[in-house]
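Engineer: compute the structure for the input listed below.
(one chain, ligands or ions: 1)
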Amino acid sequence: MFGEKIPLPACASTNCLTKGQARQSHVKFRWLVLAIAMVRFYMEKGTHRGLYKSIQKTLKFFQTFALLEIIHCLIGIVPTSVLVTGVQVSSRIFMVWLITHSIKPIQNEESVVLFLVAWTVTEITRYSFYTFSLLDHLPYFIKWARYNFFIILYPVGVAGELLTIYAALPYVKKTGMFSIRLPNKYNVSFDYYYFLLITMASYIPLFPQLYFHMLRQRRKVLHGEVIVEKDD
Ligand SMILES: CCCCCCCCCCCCC[C@@H](O)CC(=O)SCCNC(=O)CCNC(=O)[C@H](O)C(C)(C)COP(=O)(O)OP(=O)(O)OC[C@H]1O[C@@H](n2cnc3c(N)ncnc32)[C@H](O)[C@@H]1OP(=O)(O)O
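Structural biologist: Next up is the predicted model:
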């Protein structure tokens, strides 16, 4: 169960590895802190109302920090697809800053809890996987969890995100927030309401790409299948 070897990224010099181990444990620890804060809140208050407000600072900090993941892919520190990581991270940054942070009336929606729980469980599992892989002692359960939990957590997270955007629509329409109306000196117009509709529609082609990517990774890592990916 313990001690399974996972190939290290090519850059993994001893120094890089030590820093990598520290960073992975650090990231995992931060998401663990968020999970504990959410459980404590729910146990103390017995409701999800106010949960987002109580954890928002931590969430914004952690999720914004995830932009580094795109940079890591771009500069080749990790061998992950820039496109897959870019879509994954940008959709969450969008949810955090342009939806839940900006539209206060939706912060107590149940759907916010859905994506918060899905993201948190996923990130704890994912960063545990990276940490133990770099330590060269990967418990099978962590590997199994990394490549099985997503089967449920991805649809749960996506449902939470879409329902939250949907709940934001009436407010966005009523207030005209983030929208630019004509006439103006630049002669441009932008309607955030329609932008949100287009964003919701973009889940239809984009989410299956991510989900099938993870299913292929699952077959590769858990069942040892050799998969030739068309690059992104
Ligand atoms: C501006 C408006 C934007 C609107 C966009 C609308 C888009 C709509 C569609 C998007 C929907 C997304 C919804 C989403 O937010 C919902 C959720 O996330 S719900 C929760 C469930 N989610 C998941 O399970 C996905 C979790 N994410 C990932 O797993 C990764 O981000 C992903 C890039 C998707 C997949 O990773 P993959 O398995 O391909 O590669 P890895 O990066 O895990 O691994 C590759 C190898 O690199 C090593 N590695 C990578 N990172 C590290 C690291 N930090 N430390 C150490 N090693 C690392 C890893 O071990 C692998 O090595 P090896 O191949 O040797 O094993």
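
Engineer: for stretch 43-60, buried residues please.
Structural biologist: Neighbour-count burial for stretch 43-60, counted by 16 or more other C-beta atoms under 10 Å, picks out 48, 51-52, 55, 59. The way it works is simple: take the backbone N, C-alpha and C, and place the C-beta from them, glycine included.

Engineer: is any part of it close to the ligand?
Structural biologist: No - where contact is defined by C-beta under 6 Å from any ligand atom, no part of stretch 43-60 touches the ligand; the two come within 13.0 Å at best.

Engineer: for the ligand, what's its nearest residue on this protein.
Structural biologist: Closest residue of the chain to the ligand, C-beta to the nearest ligand atom: residue 157 (2.2 Å).

Engineer: contacts only, for that residue.
Structural biologist: Going by C-beta atoms under 8 Å, 6 or more residues apart in numbering, residue 157 touches 114-115, 118-119, 122.

Engineer: closest one to residue 38 out of the residues you listed, please.
Structural biologist: residue 119 (10.8 Å; C-beta to C-beta).

Engineer: name the element the spatially closest residue to that closest one that is not a sequence neighbour belongs to?
Structural biologist: Leaving aside its sequence neighbours, residue 119 sits nearest to residue 157 (C-beta to C-beta, 6 or more residues apart in numbering; 6.1 Å). Residue 157 is part of helix 149-175 when elements are defined by DSSP states H and E.

Engineer: and the helix or strand that that helix is followed by, which residues are buried?
Structural biologist: Following helix 149-175 in sequence order, the next helix or strand is helix 192-223 (DSSP H and E). Across helix 192-223, burial judged by 16+ other C-beta under 10 Å covers 192-193, 196, 199, 206-207, 210, 213-215, 217-218.
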